[in-house]
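Novice: Build me a model from this:
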Amino acid sequence: NPPGTYQLLQQKRLFRPADIITMLVVFGFAVLRTRNQVTSPMTQVSSGSPQPSRPPHKLEREESQLWRWILLFMVLLAAGFAALAWERLETLPYHLGPLALGVLVLSVLLAVYAYGRRKEVSELKLLLQDLQEHVGAAPSEAQLDQLSDVIARSNRSFKELIDSFEDAACAVSLDGTLRTVNKRVSDLVGLPYGEIVEKKFFDFVEEPSRGSIEAGLARFLEKRHWAGTVRLRFKKDARPLYFDCVLNAIVKSGEVVGASVLGRDVTGQHETELRFTELFETLQEGAYFSTPEGRLLDANPALVSVLGYATKEELLALDPGGLNVDPAEPPLLGRAPDDRGGVRAREITLRKKDVTPAVFLESSRAVWDAAGKLIRYQGTLIDVTERRKLERRVLQQEEFRRHLLESFPDLILVVDLEERYTFVSSRVRDLLGCEPEDLLGKKISETEDHSPELAALYHDVVSGVRIFGSAEYGARHRDGSWRTMRASASQLFDADAKL
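Specialist: Numbering: from 1, shown residues only. Just a heads-up that it's a prediction; the model follows:
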């Protein structure tokens, strides 16, 4: 209303303050009645089918009646306050009479709001009670059939899933009862699924024994996980099998009630490793594995023995340069500065435990990982110390014979069965002025100015006409002069007594 309208109406006595208060109280009760009749939005939520309204209990009716009396009392109290304060506020110079009216209006609105919220809370409580009663109701036969069908389909899907595993999978209780197995387990046992489930694990398995499993059960219950290689032997088959197994605890209500087992058959791999180990241990040559830095990772008994150590652990405890004759050199079994990590075939000298040197023929190769990193060397070491000593002795003997022949004042010639010179001593330089290479490989008849007497002597001795023979013949010197030579000849036999 425009300013001054309130004073004008009051002057004309068109209404009194008590009338205004009465009108507001009536208005408040009308709103409360309307809120009581309007259905709350929560009651309008339906599941698609009409639900009969649930009659309120006696306690709920009494609670609702108490709320109405409290709100009515609050409104009447506000109306009495406004009526008493109206005249006094009007006498003030600031015309504060409408302030009492405002307090009354706020009280009525607060009562309406409180009553409406209480109504919604009551309806929510009724809805929750209905839901609880609905949940607690016994399911129908159709619902039970549907639930059974869902569970059956779920079991079939789970069975098909674990049957598709190439690895053996099963669930076993703590007392050894098999709860479920996949097709791989059925194939290993040789029995159908129904004859395995709910039977004891030890009804089919000879190894591992019950005692070995019970010994490790406490640790499994503590860790609730285990992984490792298991040797398995069935009662129907004496051949042992090897499986890489992973066990996880099955927990219910915080307690371990069983274990799920997943095992991969590694029998072929294990047998290959076993054959390699047997070969490694029984080789007569020394075999080793070492790091690129030269530290031994493993050695077979032959290498331990040839190096003079009592045990393999003693040998493996050496520093990378512990086998070097010269400690200042890089480790001989490690990667050399010029080594590109390929195949190595070389002769090396290692120091034995008694500090004596030993000569070895090493044949090794580098091993790289998938990332291209050199991870180790593996190879063999053959002790050739005695062979090298023998070779040196033979070489010394050959040198001795050579020097012995060279020291003779006479010319020594060896001629084979084809009449070719196979040995000519260096004395030929002094007697005929030529080099031994000038005659080697040539026949007696092919040499320049050859002597018929020497050829005849050769044929007589080779044919056996004479075992020993001699003859004088003329030989021409490189300077053109002639020399008279006296030759003595005899047969020469090899180690097999062949001429």
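Novice: Contacts for stretch 277-287, please.
Specialist: 299-303, 306-307, 360, 378-383 (CB atoms under 8 Å, 6 or more residues apart in numbering). In this view, the C-beta of every residue, glycine as well, is placed from N, C-alpha and C.
Novice: gap between it and the chain center?
Specialist: 29 Å (CA atoms, centre = their mean, to the nearest Å).
Novice: still on that earlier bit, compare the contacts of stretch 277-287 and tell me which is most surrounded.
Specialist: residue 381 (25 neighbours; other CB atoms under 10 Å).
Novice: Helix or strand: which one has residue 74?
Specialist: helix 58-91 (DSSP states H and E).
Novice: now swap in residue 361 and tell me
Specialist: Here residue 361 is assigned to strand 357-368, by DSSP H and E.
Novice: for that strand, packing partners?
Specialist: Secondary-structure packing of strand 357-368 (3 or more CB pairs under 8 Å, 6 or more residues apart in numbering; DSSP states H and E): strand 343-351, strand 374-383, helix 385-407.
Novice: and the ones you listed as TSV, adding mean pLDDT?
Specialist: Output for the helices and strands packed on strand 357-368, formatted as TSV (pLDDT from 0 to 100):
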stretch	mean pLDDT
strand 343-351	91
strand 374-383	91
helix 385-407	87
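Novice: Hmm, residue 292 and residue 374 touching each other?
Specialist: Yes. With contact defined as CB atoms under 8 Å, residue 374 counts as touching residue 292 (5.1 Å).
Novice: now residue 235, nearest residue through space, not along the chain?
Specialist: The shortest distance from residue 235 to any non-neighbouring residue, by CB to CB, 6 or more residues apart in numbering, is to residue 206 (5.0 Å).
Novice: Ok, residue 193 next?
Specialist: Closest to residue 193 by CB to CB, 6+ apart is residue 186, at 5.6 Å.
Novice: burial measure for the one you found, as a count.
Specialist: Residue 186 - counted by other CB under 10 Å - has 19 other residues nearby.
Novice: What is the three-state secondary structure of it?
Specialist: For residue 186, the assignment made with DSSP: H, G, I helix; E, B strand; the rest coil gives helix.
Novice: relative to helix 58-91, how tilted is whichever helix or strand comes after the helix holding residue 74?
Specialist: Moving toward the C-terminus from helix 58-91, the next helix or strand (DSSP H and E) is helix 97-135. Orientation of helix 97-135 against helix 58-91 (axes from the mean of the first three to the mean of the last three CA atoms, to 10 degrees) gives an angle of 170 degrees.
Novice: related to what we said a few turns ago, might you report the residue contacts of the residue nearest to residue 235?
Specialist: 233, 234, 235.
Novice: What separation is there between the first one and residue 266?
Specialist: In this structure, residue 233 and residue 266 are separated by 15 Å, where distance is defined by CB to CB, to the nearest Å.
Novice: Same drill for the two, tell me which one is more crowded.
Specialist: Neighbours per residue (other CB under 10 Å) separate residue 233 from residue 266, with residue 266 holding more: 17 against 14.
Novice: That one and residue 244 touch, don't they?
Specialist: Yes. Shown here, residue 266 and residue 244 form a contact pair, counting by CB under 8 Å, at 5.2 Å.
Novice: and the end-to-end length of stretch 404-416?
Specialist: Start-to-end span of stretch 404-416 (CA to CA, to the nearest Å) is 21 Å.
Novice: What are the buried residues along it?
Specialist: Using 16 or more other CB atoms under 10 Å as the test for burial, stretch 404-416 gives 411, 413, 415.
Novice: Next step: those restricted to strands.
Specialist: Counting by DSSP state E, these place 413, 415 in strands.
Novice: Now render the buried residues of stretch 404-416 as CSV, adding distance to residue 250.
Specialist: Listed next are the buried residues of stretch 404-416 as CSV, based on distance: CB to CB, whole Å:
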residue, distance to residue 250
411, 100
413, 97
415, 95
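Novice: Which one of the buried residues of stretch 404-416 is nearest to residue 198?
Specialist: residue 415 (97.1 Å; CB to CB).
Novice: Tell me, how many residues neighbour residue 308?
Specialist: 14.
Novice: Need the CA coordinates for the host helix or strand of residue 233. PDB is fine.
Specialist: According to DSSP H and E, residue 233 maps onto strand 225-234. C-alpha atoms of strand 225-234 as PDB (Å, rounded to 0.1, in the frame of the first residue of the first chain):
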ATOM      1  CA  HIS A 225      49.600 -67.100   0.600                       C
ATOM      2  CA  TRP A 226      52.300 -69.600  -0.700                       C
ATOM      3  CA  ALA A 227      54.000 -70.100  -4.000                       C
ATOM      4  CA  GLY A 228      56.600 -72.700  -5.100                       C
ATOM      5  CA  THR A 229      57.300 -75.900  -7.000                       C
ATOM      6  CA  VAL A 230      55.600 -79.100  -5.700                       C
ATOM      7  CA  ARG A 231      56.600 -82.600  -6.500                       C
ATOM      8  CA  LEU A 232      53.300 -84.500  -7.100                       C
ATOM      9  CA  ARG A 233      52.800 -88.300  -7.500                       C
ATOM     10  CA  PHE A 234      49.400 -89.900  -7.900                       C
END
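Novice: Which other helices and strands does it contact?
Specialist: Strand 225-234 packs on strand 205-207, helix 210-223, strand 241-252, going by 3+ CB pairs under 8 Å, 6+ apart.
Novice: same thing but at 10 Å, please
Specialist: helix 183-189, strand 205-207, helix 210-223, strand 241-252, strand 255-265, helix 267-282 (3 or more CB pairs under 10 Å, 6 or more residues apart in numbering; DSSP states H and E).
Novice: The second one pairs with which strands?
Specialist: If I follow you right, that is strand 205-207. The pairing partners recorded for strand 205-207 under DSSP bridges are strand 225-234 (antiparallel).
Novice: and the partner strand, average pLDDT?
Specialist: Averaging pLDDT along strand 225-234 gives 92.
Novice: How about stretch 470-482?
Specialist: For stretch 470-482, mean pLDDT is 88.
Novice: buried ones in it?
Specialist: 471, 473, 475, 476.
Novice: what's in contact with the helix or strand where the first one lies?
Specialist: Take DSSP H and E as the rule and residue 471 turns out to sit in strand 468-476. Strand 468-476 is contacted by residues 411, 428, 431-433, 447-458, 460-461, 481-491 when judged by CB atoms under 10 Å, 6 or more residues apart in numbering.
Novice: Show me those residues that map onto helices.
Specialist: Here DSSP state H is the test, and these give 428, 431, 432, 452, 453, 454, 455, 456, 457, 458, 460, 461 as lying in helices.
Novice: need those residues in CSV with distance to residue 172 and neighbour count, can you?
Specialist: Listed next are the ones in helices among the contacts of strand 468-476 as CSV, based on distance: CB to CB, whole Å; neighbours: other CB atoms under 10 Å:
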residue, distance to residue 172, neighbour count
428, 95, 19
431, 100, 15
432, 100, 19
452, 105, 12
453, 105, 14
454, 100, 21
455, 99, 17
456, 102, 13
457, 99, 21
458, 95, 20
460, 99, 15
461, 94, 19
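Novice: Can I get those in JSON lines including pLDDT and distance to residue 273?
Specialist: Formatted as JSON lines, the ones in helices among the contacts of strand 468-476 follow (pLDDT from 0 to 100; distance: CB to CB, whole Å):
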{"residue": "428", "pLDDT": "87", "distance to residue 273": "67"}
{"residue": "431", "pLDDT": "87", "distance to residue 273": "72"}
{"residue": "432", "pLDDT": "87", "distance to residue 273": "71"}
{"residue": "452", "pLDDT": "87", "distance to residue 273": "77"}
{"residue": "453", "pLDDT": "88", "distance to residue 273": "77"}
{"residue": "454", "pLDDT": "87", "distance to residue 273": "72"}
{"residue": "455", "pLDDT": "87", "distance to residue 273": "72"}
{"residue": "456", "pLDDT": "88", "distance to residue 273": "75"}
{"residue": "457", "pLDDT": "88", "distance to residue 273": "72"}
{"residue": "458", "pLDDT": "88", "distance to residue 273": "68"}
{"residue": "460", "pLDDT": "88", "distance to residue 273": "72"}
{"residue": "461", "pLDDT": "89", "distance to residue 273": "67"}
